[in-house]
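Peer 1: sequence and predicted structure below; questions after.
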Amino acid sequence: MNVEDFNFSLPEELIAQTPLEKRDASRMMVLDPEAGKTHHDSFRSILDYLDAGDCLVLNDTRVLPARLFGEKETGGRVEVLLLKQEEQDVWETLIKPAKRVKPGTVLYFGGTKLKAECLDTLDHGGRLLRFSYDGVFLEILEELGEMPLPPYIKEKLEDQERYQTVFAREEGSAAAPTAGLHFTQELLGEAKNKGVHVTTITLHVGLGTFRPVEAETVEDHHMHAEFYQISEGTALLLNETRENGGKIVAAGTTSARTLETAADENGRFEKVSGWTDIFIYPGYTFRGMDALLTNFHLPKSTLVMMVSALAGREFLMDAYQEAVRQRYRFFSFGDAMFIMKGSQHRWQQ
């Protein structure tokens, strides 16, 4: 399968640069893969597609203020992006400019508040850094770090919390689970009042999820591993939802990847944590979920490939062309898409 099969043309002005004033004010395209139909709605109508007894699964990861600006002992300026914690105080990072940062190089941030020594050069061009400091690392990071917005967002984000979901609590992500950005506490409360179960899993999003696919064929691409966990309570709730005939609805591709990693061949779950490098593309059979809420993704990205596995590649590419014609907003701060495996949707009735 060629990577080029997942390419599409996107006018730059459709890339959302800032979040809407209200989180749940975005548009939503609803896809019915079996009938081959699309429907245009608003995100506030998401509960019209959920029934009592369904289970909405949210990723509660919290984005670290992982972009640090510092200087070398020699005085040269550097920008460091934390990617993954390898062990206590040791992080896999990306550095700009990286050429002169070699093992043994010492970096300083916030004067002497935070210090880092380069331990190794990594295969992908990153650096392994060991940090030293007085106090609590996350508190120092909150003081000195900035939110690592994706490179396609050029505008300054005035409110850093708008790149966090309202249910974010587990620190560790390099990027936000953006489908979750649409939810408000009020909307989640309405879901619970309707009888929809709302639960959380955790997957700490790494930049590997968003890195360009450099292989020519899909099968030759390999995902970077990301940490995930599912609690015992969530596993029990997911199994009960299955037993009672409810739908498991993944809010975002990160929730979906976690569910698909954890589900056994019968679609059942248990308490689990670990690392996943699952790569989902057309031909994959979904076991852990029945519906997906997602945003519109980058051309030729692994996320487009994953959504194509659920909706069908040709149908999804047609839907993306329709989204461009209808002037939907794309990527992290953009509009939403809702895809169900079945075809009995209320908007058809």
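Peer 2: Arrived safely.
Peer 1: only C-alpha atoms for contact and neighbour calcs from this point on.
Peer 2: OK.
Peer 1: can you name the residues in contact with the biggest strand by length in the chain?
Peer 2: Scanning the chain for the strand with the most residues, using DSSP state E, yields strand 77-87. The list of residues contacting strand 77-87 from outside it, by C-alpha atoms under 8 Å, 6 or more residues apart in numbering, reads 66-72, 91-97, 148, 172-174, 206-207.
Peer 1: same check on stretch 59-67?
Peer 2: By C-alpha under 8 Å, 6+ apart, the list of residues contacting stretch 59-67 from outside reads 79-83, 141-142, 145-148, 163-165, 167-177, 180, 200-205, 251-252, 254-255.
Peer 1: domain parsing for this protein?
Peer 2: Following automatic domain parsing, one gets these domains for the chain: 3-63+159-348, 67-144.
Peer 1: now the shortest one: average pLDDT?
Peer 2: For domain 67-144, the mean pLDDT works out to 92.
Peer 1: start to end distance for that domain?
Peer 2: End-to-end distance of domain 67-144: 9 Å, with C-alpha to C-alpha, to the nearest Å as the criterion.
Peer 1: please state the offset of it from the chain centre?
Peer 2: 24 Å (C-alpha atoms, centre = their mean, to the nearest Å).
Peer 1: before we move on, what about the longest one?
Peer 2: On the basis of C-alpha atoms, centre = their mean, domain 3-63+159-348 sits 8 Å off its chain's mean C-alpha point.
Peer 1: for the residue in the chain sticking out farthest from the centre, grab phi and psi.
Peer 2: Note on the chain: the largest separation between a C-alpha and the mean C-alpha position, by C-alpha atoms, centre = their mean, falls on residue 74 (37.4 Å). Note on residue 74: its backbone torsions stand at phi -80, psi -10 [degrees, to the nearest 10].
Peer 1: please tell me how far it sits from residue 108.
Peer 2: Shown here: residue 74 relative to residue 108, a distance of 10 Å by C-alpha to C-alpha.
Peer 1: what's the burial count for residue 156?
Peer 2: A count of neighbours around residue 156, defined by other C-alpha atoms under 10 Å, yields 10.
Peer 1: hang on, I meant residue 137
Peer 2: Neighbour count of residue 137, defined by other C-alpha under 10 Å: 14.
Peer 1: same thing with residue 99?
Peer 2: Neighbour number of residue 99 under other C-alpha under 10 Å is 8.
Peer 1: do residue 41 as well
Peer 2: Neighbours of residue 41 using other C-alpha under 10 Å come to 17.
Peer 1: swap in residue 163?
Peer 2: Here the neighbour count serves as a burial measure; for residue 163 (other C-alpha under 10 Å) it reads 23.
Peer 1: what's the closest non-adjacent residue to it?
Peer 2: Across the structure, with C-alpha to C-alpha, 6 or more residues apart in numbering as the measure, the residue nearest residue 163 apart from its sequence neighbours is residue 176 (6.4 Å).
Peer 1: give the contact list for the closest residue to residue 18 other than its chain neighbours.
Peer 2: Using C-alpha to C-alpha, 6+ apart and skipping residues adjacent in sequence, the residue nearest residue 18 is residue 333, 6.2 Å away. Neighbouring residues of residue 333 by C-alpha under 8 Å, 6+ apart: 16-20, 178, 181.
Peer 1: among those residues, which one has the most neighbours?
Peer 2: In terms of neighbours by other C-alpha under 10 Å, these top out with residue 181 at 25 neighbours.
Peer 1: where does that residue sit: helix, strand or coil?
Peer 2: helix (DSSP: H, G, I helix; E, B strand; the rest coil).
Peer 1: quick revisit: so which of the domains of the chain is nearest residue 153?
Peer 2: domain 3-63+159-348 (5.2 Å; C-alpha to C-alpha).
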